[in-house]
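[1] everything below, folded, please.
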Amino acid sequence: MATYVTSLESRVRAKRLDSTSRRGDLGFGLGLVSGLTLFAVAIHGYHPYAEDGGLYLAGVKRLLDPALYPYGTDFVLEPMRHSLFAPVVAAIARLSHAGLPVVLLALHLATVWATLFAGWLMASRCWMLRTARAGAVVLLACWLALPIAGTALLLMDPYLTARSFSTPLTVLALAGALGMTEQGDTSVRQRGSRIWIGSILLAGVMHPLMAAYALGATLILICMRSSSAVVRGKGTAGFAASALVLAALLQAFAQPESAQYLRVALTRTYWFPAEWNWYEWVGLAAPLAILALVARANGLKDPSRGPDREMQARQALASAAIAVGLSALTVAMLFARSGAATHLVARMQPLRAFQIVYLVMVLILGAALGECVLRNVPWRWATAAVLLGGVMFGTSRAPFAHSRHLEFPWTAPRNSWMQAFLWIRDNTPKNALFALDADYVNIAGEDAQCFRAIAERSVLPDYSKDGGEASIAPELASEWADGQAAQKGLTGPAGLHSAIAGPQAADDRRLAALGSLGVSWVVLQSGSPTNFECPYANSAVKVCRLR
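    The predicted model follows:
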């Protein structure tokens with residue numbers, strides 16, 4: 001009896017010590033993640049109106065002010081069709097009275113923090129040493145802007161979109177799946193189940209497509225964590241096969257595509273692996289190779305013992321990521337072809353599942369860096385942060401070289417195009433319809449700053465960003481084709497040719513292309529010849545009233 005009591009007391013004391021250790025580890029993780037959030041934003045920048053951030057933001061502004069965007073409204077509403085992102089952001093802005101720019105910044109910081117904290121939780125399931133866990137999160141903070149090969153995506157964007165929410169929820173779902181399959185503690189499994197289910201559901205209402213890939217990845221991970229070899233093998237194979245069957249069914253029953261839609265679909269060359277450059281293939285092969293090394297490693301100090309709990313978790317995580325990557329690549333190779341009869345599977349972009357592959361790879365590499373190289377030597381951590389962060393800082397600055405690195409609400413824009421767009425917002429009627437060069441977001445110095453989101457005015461569809469929307473929503477293809485054709489060469493080569501005959505010839509061509517579409521204003525590059533009245537001009541552009 002005495003032996004039993006002593007044993008019980010020992011177990012209670014060990015449980016208390018373990019609980020204290022976990023609380024201390026959680027406190028360390030919270031502090032580290034909070035500091036790394038500011039570090040990550042400082043490295044990768046903040047550009048709320050650029051790229052896809054501008055597309056989503058226009059929808060939010062439309063909800064806050066329904067008088068905005070009376071023309072081309074379908075392009076504004078398209079990102080809102082299957083997501084609660086815009087209504088949620090608009091509701092927060094309306095209820096908080098803090099102003100939309102402040103809300104966007106706060107939510108961006110919150111989603112970066114959530115991504116890093118979810119990474120810490122997942123690392124806690126896979127590595128015992130704190131140096132490994134810290135290394136995983138530090139590298140994730142440094143590499144948040146890492147491009148994902150063949151997807152036109154980054155791990156996390158320097159602006160707020162629906163993916164800003166689905167990304168941390170995906171990592172959290174993976175951490176939950178690891179917890180719910182852990183042997184022993186029932187409370188851990190129950191908590192893991194709740195985290196998994198909640199994360200998938202929340203991701204689904206924010207970004208259904210990315211949530212679907214997260215669901216597939218976590219189901220494969222659950223199979224990989226099974227103690228049954230049959231479940232690990234046949235379960236994983238079954239989920240991979242179901243992805244192929246689903247893709248085949250979608251392709252077989254897809255609606256016929258118009259010639260105009262085919263034209264816009266073929267502009268998204270990253271959809272089609274056969275059209276990639278060699279380095280994009282390296283970007284897919286390298287993460288899979290790294291994960292294969294981890295999945296095969298037994299990590300045993302004593303060959304007579306089985307792998308420890310953390311080793312099992314990271315081996316299962318690496319194996320699941322490999323299965324996800326190979327399944328996505330197989331689907332893309334078989335069905336995402338430019339010459340296919342339909343492009344339904346292609347526009348679902350199966351290779352976006354590689355975001356999960358990259359996230360797992362970064363955490364594993366970071367853990368190895370912390371455990372094997374940095375260890376408990378402070379100057380090594382500082383050096384690694386400066387070197388890794390410095391490289392990514394330079395990479396992140398290049399696309400936004402003419403804009404502030406941190407475009408906070410209280411800072412005036414440095415970008416000349418943004419300055420013109422803000423003048424338009426403050427000095428033109430809300431029902432005005434504008435035209436710009438069809439591919440204005442790729443003009444040197446424009447930095448992909450979105451006109452609609454900044455100027456808060458209607459504009460004809462452009463080649464790049466609106467082309468991306470039309471490629472996903474075929475019903476927009478006709479309007480996109482008309483809009484980008486009317487704006488093609490508005491201030492580029494065609495306009496320069498017209499300059500030979502003088503400004504009047506250039507204006508006549510613009511009137512012929514735009515007048516019947518109801519355009520009332522044009523934004524021209526500063527050197528473009530024109531006799532139009534231009535009440536605003538700077539070193540890059542001028543804003544002119546169409547006669």
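[2] poorly predicted segments of the stretch 351-500 of the chain, please.
    Within the stretch 351-500 of the chain, the segments meeting pLDDT under 70 span 492-500.
[3] and if we set it to 90?
    438, 464, 482-500 (pLDDT under 90).
[4] any chance you could map the helices in it?
    For the stretch 351-500 of the chain, applying DSSP state H, counting those that start in this stretch gives helices covering 354-369, 378-397, 416-427, 451-455, 465-472, 477-487, 493-499.
[5] TSV for these, including mean neighbour count?
    (C-beta placed from N, C-alpha, C; glycine too.) Output for the helices of the stretch 351-500 of the chain, formatted as TSV (neighbours: other CB atoms under 10 Å):
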stretch	mean neighbour count
helix 354-369	25
helix 378-397	14
helix 416-427	18
helix 451-455	25
helix 465-472	23
helix 477-487	20
helix 493-499	16
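[6] I'd like the ones you listed as TSV, with distance to Thr218 appended.
    Listed next are the helices of the stretch 351-500 of the chain as TSV, based on distance: least, CB to CB, whole Å:
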stretch	distance to Thr218
helix 354-369	9
helix 378-397	28
helix 416-427	40
helix 451-455	34
helix 465-472	25
helix 477-487	35
helix 493-499	50
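[7] out of these, which is closest to Ala346?
    Nearest to Ala346, of all the helices of the stretch 351-500 of the chain, is helix 465-472, at 8.9 Å by CB to CB.
[8] show me what that closest one is packed up against.
    Where contact means 3 or more CB pairs under 8 Å, 6 or more residues apart in numbering; DSSP states H and E, helix 465-472 is packed against helix 51-64, helix 259-265, helix 477-487.
[9] tell me which residues in the longest one are buried?
    It stands for helix 51-64. Buried residues in helix 51-64, counted by 16 or more other CB atoms under 10 Å: 51-63.
[10] and of the helices of the stretch 351-500 of the chain, who's closest to Ser96?
    That would be helix 451-455 among these, by CB to CB, at 19.6 Å.
[11] related to what we said a few turns ago, to Ala93, which of the helices of the stretch 351-500 of the chain lies closest?
    The nearest among those, by CB to CB, is helix 451-455 at 13.9 Å.
[12] how is this structure carved up into domains?
    30-400, 416-446+457-545 (automatic domain parsing).
[13] weakest of those domains in terms of mean pLDDT?
    Per-stretch mean pLDDT for these is lowest at domain 416-446+457-545 (a mean of 87).
[14] for it, measure first residue to last.
    Start to finish, the residues bounding domain 416-446+457-545 are 19 Å apart (CA to CA, to the nearest Å).
[15] save the domains of the chain as a markdown table, and put in distance to Glu407 too.
    A markdown table is the format used below for those (distance: least, CB to CB, whole Å):
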| stretch | distance to Glu407 |
| --- | --- |
| domain 30-400 | 5 |
| domain 416-446+457-545 | 8 |
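[16] for Phe408, which of these is the nearest?
    Here domain 30-400 is closest among the domains of the chain (CB to CB), at 6.6 Å.
[17] quick check: end-to-end length of that closest one?
    Domain 30-400: ends 31 Å apart by CA to CA.
[18] how far does it sit from its chain's centre?
    8 Å (CA atoms, centre = their mean, to the nearest Å).
[19] ranges for the helices of the stretch 101-250 of the chain?
    130-142, 162-180, 186-206, 208-224, 229-230, 236-252.
[20] list the helices and strands the last one packs on?
    In this structure, helix 236-252 packs against helix 208-224, helix 309-335, helix 344-347, with contacts taken as 3+ CB pairs under 8 Å, 6+ apart.
[21] and these as CSV, adding mean neighbour count?
    Shown next, in CSV, are the helices and strands packed on helix 236-252 (neighbours: other CB under 10 Å):
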stretch, mean neighbour count
helix 208-224, 23
helix 309-335, 22
helix 344-347, 20
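[22] of these, which is nearest Arg404?
    helix 208-224 (29.0 Å).
[23] quick one: pLDDT of Arg22?
    61.
[24] isn't Trp480 up against Ala470?
    Yes. In terms of CB atoms under 8 Å, Trp480 counts as a neighbour of Ala470; the distance is 3.9 Å.
[25] joint contacts of those two?
    Counting by CB atoms under 8 Å, 6 or more residues apart in numbering, the shared contacts of Trp480 and Ala470 are 264, 461.
[26] re earlier: can you add distance to Leu546 and give the helices and strands packed on helix 465-472 back as JSON lines?
    Below are those laid out as JSON lines (distance: least, CB to CB, whole Å):
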{"stretch": "helix 51-64", "distance to Leu546": "22"}
{"stretch": "helix 259-265", "distance to Leu546": "26"}
{"stretch": "helix 477-487", "distance to Leu546": "12"}
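[27] so which of the ones you listed gets nearest Ala42?
    Nearest of the helices and strands packed on helix 465-472 (CB to CB): helix 51-64, 18.1 Å.
[28] helices or strands up against the closest one?
    Going by 3+ CB pairs under 8 Å, 6+ apart, helix 51-64 lies up against helix 73-77, helix 85-96, helix 100-126, helix 451-455, helix 465-472.
[29] quick check: which of those is buried the most?
    helix 451-455 (a mean of 25; mean count of other CB atoms under 10 Å).
[30] ok, residues contacting it?
    Residues contacting helix 451-455 (CB under 8 Å, 6+ apart): 49, 53-55, 57-58, 61, 69, 76, 418, 421-422, 424-425, 428, 434, 436, 440, 457-459, 462, 523.
[31] same thing but 6 Å
    Contact partners of helix 451-455, identified using CB atoms under 6 Å, 6 or more residues apart in numbering, comprise 49, 54, 57-58, 418, 421, 424-425, 459.
[32] same question for stretch 280-297.
    Under CB under 6 Å, 6+ apart, the answer for stretch 280-297 is 149-150, 315, 318-319, 321-322, 325, 357-358, 361, 364.
[33] if we can go back for a sec, need the buried residues of helix 51-64 in CSV with distance to Gly99, can you?
    Listed next are these as CSV, based on distance: CB to CB, whole Å:
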residue, distance to Gly99
Glu51, 22
Asp52, 22
Gly53, 17
Gly54, 18
Leu55, 21
Tyr56, 17
Leu57, 13
Ala58, 17
Gly59, 18
Val60, 12
Lys61, 12
Arg62, 17
Leu63, 15
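[34] from these, which single one is nearest Leu476?
    Closest to Leu476, out of all of the buried residues of helix 51-64 and judged by CB to CB, is Leu55, at 12.6 Å.
[35] excluding chain neighbours, what is closest to that closest one?
    Closest residue to Leu55 apart from its sequence neighbours, by CB to CB, 6 or more residues apart in numbering: Pro79 at 5.4 Å.
[36] that older thread, which among the buried residues of helix 51-64 gets closest to Ala134?
    Gly53 (30.1 Å).
[37] shouldn't that closest one be in contact with Ala162?
    No. Assessed by CB atoms under 6 Å, Gly53 is found out of contact with Ala162, at 10.7 Å.
[38] re earlier: out of the helices and strands packed on helix 465-472, flag the one nearest Thr411.
    helix 51-64 (16.3 Å).
[39] which pair in the contacts of helix 451-455 spans the largest distance?
    Across these (CB to CB), the longest gap, 15.8 Å, separates Leu57 and Ile424.
[40] wait, which of the domains of the chain is closest to Leu406?
    Using CB to CB, the nearest of those to Leu406 is domain 30-400, at 5.0 Å.
[41] re earlier: adding distance to Thr395, write the helices of the stretch 101-250 of the chain out as JSON lines.
    Below are the helices of the stretch 101-250 of the chain laid out as JSON lines (distance: least, CB to CB, whole Å):
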{"stretch": "helix 130-142", "distance to Thr395": "11"}
{"stretch": "helix 162-180", "distance to Thr395": "19"}
{"stretch": "helix 186-206", "distance to Thr395": "27"}
{"stretch": "helix 208-224", "distance to Thr395": "23"}
{"stretch": "helix 229-230", "distance to Thr395": "43"}
{"stretch": "helix 236-252", "distance to Thr395": "32"}
